[in-house]
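Trainee: Mind looking at a prediction? Sequence and model below.
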Amino acid sequence: MGEFKKIQTRRYANTIEGKNCIVTGANSGIGYATAEGLASRGATVFMVCRNKERGEAAASEIQSATGNKNVFLEVCDISSIGDIKSFASRFSSKDVPVHVLVNNAGVLENNRLITSEGYEMSFAVNVLGTYAMTELMLPLLEKAAPDARVVTVASGGMYTAPLMEDLQFSDNKFVGVEQYARNKRVQVALTEKWADMYKDKGVGFYSMHPGWAETPGVAKSMPGFSKSLSGKLRTSEEGADTVIWLALQPKEKLVPGGFYFDRAEAPKHLPFAATMGSHTAIDSIAHNLRNSSRL
């Protein structure tokens, strides 16, 4: 998939002036680059960040860099269903259409950590948090129909993992990188399911693979990998390029439920891989996620 390939970010043909965009995990890395890219094209951007101080600093930097004052911080911990519900309630009271939701917040934990709500941390952020945020924002996305879309930042790591119903990796010794790959496979399969479930609501659903980018998250979770490939990995801006492209493209040019890499639809499975038949499990997984999030 050429995921270590540096790319030349190109100009975007369209603008997004006046549209409302939510970006989760927006204070650093690909999330920050996405928020800045959307703000520079005239969007009103709501940056969903866990840490208030870092979020405020990032929002201020983007306002200064882009000259766009319509960049706002929304404090929410995506690992907490309670926090996401509180955010959704607050945000819904604004009664504004959401044109673009970017599910970027993600984590790769090398050790099993349990959240205060009793969930394995990687699952809580990457899967349950992404699921709850998307479902709770759906009424506001419908307000922006037929132009609304959800872009979920997945990973090429998902090529190594079939869809599995053991979402919290309880069946054997916890392996952080493998759990991350499993989580990203769920995101891709969920995107397919959402595209089918909500095809009549005027909301597009897409997932994408940013390539391996030199972000704070990669440096923290995979320090050896990050150090060995220093200078060869993509920048956060290169990683965010396809996210912004998906936000700007006319929906008729995009494939519902599609998985994208470098501005083009990409396969969801490697040739002859055992992952191909696994997506049939998504119905029961989505049912379990709804029960877990108590939506």
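Mentor: Looks like it arrived, so ask away. Numbers count the residues shown, from 1 in each chain.

Trainee: Any regions of the stretch 51-200 of the chain where pLDDT drops low?
Mentor: Along the stretch 51-200 of the chain, the model assigns pLDDT under 70 to no residue.

Trainee: how about the strands in it?
Mentor: 71-75, 100-103, 148-153 (DSSP state E, counting those that start in this stretch).

Trainee: In its sheet, which strands sit next to the shortest one, and in what direction?
Mentor: Partner strands for strand 100-103, per DSSP bridges, with pairing direction: strand 20-24 (parallel), strand 148-153 (parallel).

Trainee: okay, Phe14: pLDDT?
Mentor: Residue 14: Asn, not Phe. Note on Asn14: pLDDT of 71.

Trainee: neighbours of it, just the number please.
Mentor: As a burial measure, Asn14 scores 11 neighbours (other CB atoms under 10 Å). Every residue, glycine included, has its C-beta placed from N, CA and C.

Trainee: Which residue is the nearest non-sequential neighbour of it?
Mentor: Ranked by CB to CB, 6 or more residues apart in numbering and with sequence neighbours excluded, the top spatial neighbour of Asn14 is Leu248, at 4.3 Å.

Trainee: before we move on, what about Leu140?
Mentor: Leu140's closest residue in space is Val98 (CB to CB, 6+ apart), at 4.2 Å.

Trainee: Pretty sure the one you found sits against Leu141.
Mentor: Yes: with contact defined as CB atoms under 8 Å, Val98 counts as touching Leu141 (5.1 Å).

Trainee: What about Pro271, how many residues nearby?
Mentor: Neighbours around Pro271, by other CB under 10 Å: 6.

Trainee: ok, now Asp200?
Mentor: With other CB under 10 Å as criterion, Asp200 counts 7.

Trainee: can you check the one 10 residues further on too?
Mentor: By other CB under 10 Å, 27 other residues sit near Pro210.

Trainee: How about Gln179?
Mentor: There are 25 residues near Gln179, going by other CB under 10 Å.

Trainee: is it true that it touches Ala124?
Mentor: No: look at Gln179 against Ala124 with CB under 8 Å: they stay out of range, at 11.3 Å.

Trainee: follow-up on the earlier one: most tightly surrounded among the strands of the stretch 51-200 of the chain?
Mentor: strand 100-103 (a mean of 28; mean count of other CB atoms under 10 Å).

Trainee: then that strand to CSV, C-alphas only?
Mentor: Extracted in CSV, the C-alpha atoms of strand 100-103 (Å, rounded to 0.1, in the frame of the first residue of the first chain):
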residue,chain,number,x,y,z
VAL,A,100,-18.5,16.8,8.6
LEU,A,101,-17.7,14.6,11.5
VAL,A,102,-14.1,13.4,11.6
ASN,A,103,-13.6,10.4,13.9
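
Trainee: quick one: contacts of it?
Mentor: With contacts defined as CB atoms under 8 Å, 6 or more residues apart in numbering, strand 100-103 is touched by 16, 19-24, 31, 34, 38, 43, 130, 133-134, 137, 141, 148-153, 187, 243, 247.

Trainee: Weed out the non-buried ones from these.
Mentor: Taking 16 or more other CB atoms under 10 Å as the criterion, what is buried in the contacts of strand 100-103 is 16, 19-24, 31, 34, 38, 43, 130, 133-134, 137, 141, 148-153, 187, 243, 247.

Trainee: Helices along this protein, start to end?
Mentor: With helices called from DSSP state H, the chain shows them at 29-40, 52-66, 81-92, 121-123, 130-143, 176-197, 216-221, 223-228, 236-248, 282-293.

Trainee: Need the winner for burial among those.
Mentor: Taking mean count of other CB under 10 Å, helix 29-40 is the most buried of the helices of the chain, at a mean of 27.

Trainee: Could you figure out how far that helix is turned away from strand 20-24?
Mentor: Helix 29-40 and strand 20-24 are oriented at 170 degrees to each other (axes from the mean of the first three to the mean of the last three CA atoms, to 10 degrees).

Trainee: Counting by contacts, list what helix 29-40 packs against.
Mentor: For helix 29-40, the elements it packs on are strand 20-24, strand 44-49, helix 52-66, strand 100-103, helix 216-221, helix 236-248, judged by 3 or more CB pairs under 8 Å, 6 or more residues apart in numbering; DSSP states H and E.

Trainee: Next, format those as a markdown table and append distance to Ser89.
Mentor: Below are the helices and strands packed on helix 29-40 laid out as a markdown table (distance: least, CB to CB, whole Å):
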| stretch | distance to Ser89 |
| --- | --- |
| strand 20-24 | 15 |
| strand 44-49 | 14 |
| helix 52-66 | 18 |
| strand 100-103 | 16 |
| helix 216-221 | 28 |
| helix 236-248 | 25 |
